[in-house]
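Student: sequence first, predicted coordinates after that:
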Amino acid sequence: MAEAHDLKVIGTRPVRPDGVEKVTGRANFGADLYLPGMIHGKVLRSPYAHARIKSVDVSGALAMEGVLAAVSRSDFPEETDDLGQNVIARDKVLYHGHAVAAVAASTPLLAEQALDAIKVDYDVLEPVLSIDQAIADGATLVNEQMHTNGDASQPASNIAAITKFERGDAEKGFAEADVVVEGEFRVPMAHQGYIEPHACTATINEEGKITVWCSTQGHFDVRTQTAAILGTSISKIKVIASEIGGGFGGKLSVYLEPLAVKLSELSNRPVRMVMNREEVFRATGPTSATWCKAKVGAKKDGTITAATAWLSYEAGAFPGAPVGPGCMSVLAPYDLENFSIEGLDVLVNKPKVAAYRAPGAPQAMHAMECVIDDLARELGMDPIDLRLKNAADEGTQAPYGPKFPAIGLKACLEAAKAHPNYTAPVPEGCGRGVACGFWFNIGMQSSAEVLIREDGTVIINEGSPDIGGSRASMCLMAAETLGIPYDRINAHVADTESTGYCNMTGGSRTTFATGMAVVQACEDIIAQCKERAAMTWDIDADQVDWDDGQAVPKPGVNADVDPLSLADIAKTWGRTGGPILGRASVNAQGAGAGFSVNWTDLAVDRETGKVDVKAYTAIQDAGRAIHPAYVEGQMQGGAAQGLGWALNEEYIYDDNGVMENAGFLDYRVPVASDLPMIDTQIVEVPNPTHPYGVRGVGETPITAPLAATSNAVRDALGFRVSELPMSPPRLLEAIDSQEG
Amino acid sequence: MIKVVFPDHLMPNTEGVRETEVDCDSYRSLVRELEKRWPGIEDVLAKTAVAINGQIYQDAWLETIEPSSEVFFMHRIEGG
Amino acid sequence: MSKLHVTTSVNGQPEEVLCEPHQSLLDVLRDELGLTGTKEGCSTGDCGACSVTLDGRLVCSCLVLAAEAEGKEVGTIEGVANPDGLHVLQQKFLEHAALQCGICTPGFIVAAKVLLERDPNPDETTIRYWLAGNLCRCTGYDKIIRAVQDAATELAHEA
């Protein structure tokens, strides 16, 4: 791996290649495509949280002038998986907002009006709206066929799965402890809150060839999912990823695309579908509401002797809450001999949860990091010292099994201890809270093709939708590898028929895995350039070096020639075998775990319950920051999302399972005036599996803020508030009840 | 011999065995040996991540395994 | 229902459009005039992605009826850069990496431009409150605020 001091381009902060398009309004996002003859699709959504569908009749809509197509469950193959049942309801609607039918009409307004002409006959059932209700004896079943862990010998249950992780003997560990602390915490359902609603346009031609333009984190996944739901072959579908206006995990699954394709097929027109914000809240996204219990015991010197966690996650209407990663991350920062973790995946009549930035980790780590903070208080230890005393390091056996390779947790903790924002005293009237963050990060499959123009400039083709500046990091890694200036390279997110297969932009994998493919494709270019130079010079290819963007004879090789740049080689490539293109594909392993330490200083207004965040600092191990400004941006953005979740954001449901705050006015994400500057420090403990040492950085930033904020409120108030969000009414209620 | 550890959710496939030892030199030979002991487990392992001496693989099919390695099967991680 | 004939000016160019009485200025800009740089994030005036100016005043175009643009000057993101190149704000957003996904960026730039026209030297708090009607979910606002501060400094130098 290249050492930091050898790097010329990596670590600089150039303007992103797609930047001008995005600051001038030229960039095309999901809803920005216009096709001749295009019509508009809208979805009819369930008014009930739980009901059996007796019949759906779309004939009234089809009879309206200007309505060109209408679809319901009978238009899709009966055999389908959970995703298919989420895209269009089958025998039951499972949450308020579940799609039941869709129409396409000449204008969006007409399509909206046509929804009123669709007749649906429901048999309304009692909704299951919380974990407490779902796991109670005699609970109504969301899915009558669901048995815990698939064990059909047991009665059907709303608990889809129970997961356990254990090591050593927790009870013995607690017996050895001098201090035992425990707590019980609730974190609400929250939405990813991307500013761009889901949008797509689909068209199908006379031979059944389908083209879909859409805003997605993974256009290859859109192809797979859409083909499966329509019962067609992926070879019939081309997916073009538009620019994407935020995703955070919420744009990994299809919602509209199969409906748009079917409507296009029936109308013989291109069909555009765009959700409104209310639909985005009611029918997409959210992550699990959770109910977690955590307990930890330690010796007087701070050595943790045992820990337990009970983690219960709402999955929404289909199994698949991210409780597995919750269990695996809850104790990841610590070196422990005795622990026991149990996780429950619980069905409720709410939208099917989707991945949200480090899915499952923020909720679980909130519980444990709060209890660790209480332990530090009990022991009279600095919260960073307590964590340093027990911190996982290279060789520590992670709670989820394997031994950690090189990780940056201790480096982050030490950087925090020395940071001026930490050594400064807590401001008058404020509380300070610290927490650790963690995410696994993943690799998976990516492809890249590197094309050379006749003038020696470079085009990178790859398949990872650019959600936050990844084109810039691809160009930086290519510039470093090829030894040419950054501005001679452009990166292009190619469609499913113009580049090799690529997994989604998610799991913090893009700069790591797609970056690895880009570096290898550039190495392929270099190998070919050396051969072309050797041919030009009449020497052997192994007598050629690639140095600073040029082919040169190796030292000692008797060749009295001028170096050949990429442009020189391109100029005469007709003589040496034709155009040059490089390619590589990887199934990248060894993504390298990401750790962070965050703290915040905040004040609570005891009259109003409002929290004023005065300062926030995030420190994170990035392995190596390719474009440090975009790494900082991930850290700052994750902090803001975490603060929003901790302080304001929540789904509020009425007794019928209808979300009462399905808009940005009432589901209040942080605005500029809510936040201070967010200070960042990037720690670099290189990941040995990546050619430049990259670790994923996108998800770790949201794993510490919930607990850091909770711990700061605890410090400010003098007592703990265990239910998020710590919104003004909830804090006021807590303050009033404390003050009696 | 290498040490192989299964997580809770795989123990129904191993007759409740959490930890075992296998003589093998590659991931492929490991899976073949486990399939011999517990028929059907290969399909389950295909959907499972694995850590070999701490390095996590979503798919370790091409990996060699040094003697005295530790192999942990684990949930596959996805992400947002 | 018959369509309305609206005569307006967009980024200094006269425009005539036929629109439905219910159509928002946002819909007409995007669907009739093809100016898709103005984005729709909520259509309830809460996110600011559709920020434009109407006779120099910052508005959410989703809350303005197209018919209200009759005889007025509309300014959109497409009119911010000039023939010489990017506006200072656009340049500073790029230099500071003040965008990640970029969907909110047009709205922020239109809003920040109106701020700097009214108050060439705003402090951080003023910038934060002026931009409080524009949601960004990616950046945590830090780099956006710094880009606007830097643009203000540069514009003051140029003046």
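Tutor: Nice, I can see it. Numbers count the residues shown, from 1 in each chain, chains lettered A, B, ... in the order given.
Student: the closest residue to chain A within chain C: how many residues sit nearby?
Tutor: Here the residue of chain C nearest chain A is C:Gly37; by Cβ to the nearest Cβ that distance is 1.8 Å. Where you see a C-beta, it was placed from the backbone N, CA and C, and this is true even at glycine. C:Gly37 has 28 neighbours, counted by other Cβ atoms under 10 Å in any protein chain shown.
Student: separation between the nearest residue to it once chain neighbours are set aside and chain B?
Tutor: If you skip the residues right next to it in sequence, C:Gly37 has A:Gly25 as its closest partner in space, 1.8 Å away by Cβ to Cβ, 6 or more residues apart in numbering or on different chains. As for A:Gly25, its distance to chain B is 28 Å (criterion: Cβ to the nearest Cβ, to the nearest Å).
Student: what about the longest helix along chain B and chain A, touching?
Tutor: Identified as the longest helix of chain B according to DSSP state H is helix B:27-37. No. Taking Cβ under 8 Å from any Cβ of the partner chain as the criterion, helix B:27-37 and chain A are apart, separated by no less than 11.1 Å.
Student: could I have the CA atoms of the helix or strand following that helix written out in CSV?
Tutor: Downstream of helix B:27-37, the first helix or strand assigned by DSSP states H and E is helix B:41-45. What follows is helix B:41-45, C-alpha atoms only, in CSV (Å, rounded to 0.1, in the frame of the first residue of the first chain):
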residue,chain,number,x,y,z
ILE,B,41,-25.4,-26.9,5.4
GLU,B,42,-23.7,-25.9,2.2
ASP,B,43,-26.8,-24.0,1.0
VAL,B,44,-27.1,-22.2,4.3
LEU,B,45,-23.4,-21.2,4.3
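Student: hmm, who's touching helix B:41-45?
Tutor: Under the contact criterion Cβ atoms under 8 Å, 6 or more residues apart in numbering or on different chains, helix B:41-45 has outside partners B:Leu10, B:Asn13, B:Thr14, B:Val31, B:Arg32, B:Leu34, B:Glu35, B:Phe73.
Student: residues near the residue nearest to C:Gly37, how many?
Tutor: For A:Gly25, the neighbour count with other Cβ under 10 Å is 25.
Student: just the one 10 residues further on next, same as before
Tutor: Look at A:Leu35: counted by other Cβ under 10 Å, it has 15 neighbours.
Student: for the one 10 residues further on, same thing?
Tutor: By the other Cβ under 10 Å criterion, the neighbourhood of A:Arg45 contains 20 residues.
Student: so how far is A:Glu112 from it?
Tutor: Separation of A:Arg45 from A:Glu112 (Cβ to Cβ, to the nearest Å): 12 Å.
Student: per-residue pLDDT, residue 28?
Tutor: Reading this off chain A. Looking at A:Asn28, its pLDDT is 98.
Student: let me rephrase: I mean chain C.
Tutor: Here the pLDDT value assigned to C:Val28 is 97.
Student: wait, isn't it in contact with C:Pro21?
Tutor: No. Counting by Cβ atoms under 8 Å, C:Val28 does not reach C:Pro21; the two are 11.6 Å apart.
Student: so for those two, which residue has more residues nearby?
Tutor: Set C:Val28 next to C:Pro21 and count neighbours by other Cβ under 10 Å: C:Val28 wins out with 26 against 11.
Student: quick one, domains of chain C?
Tutor: By the assignment in automatic domain parsing, chain C contains the domains C:4-79, C:88-158.
Student: nearest residue to residue 57 other than its sequence neighbours?
Tutor: Picking chain A for this. A:Lys119 (4.3 Å).
Student: let's do chain C instead
Tutor: Using Cβ to Cβ, 6+ apart and skipping the chain neighbours, the partner closest in space to C:Arg57 is C:Val114 (7.7 Å).
Student: check contacts around that neighbour.
Tutor: C:Thr53, C:Gly56, C:Arg57, C:Leu58.
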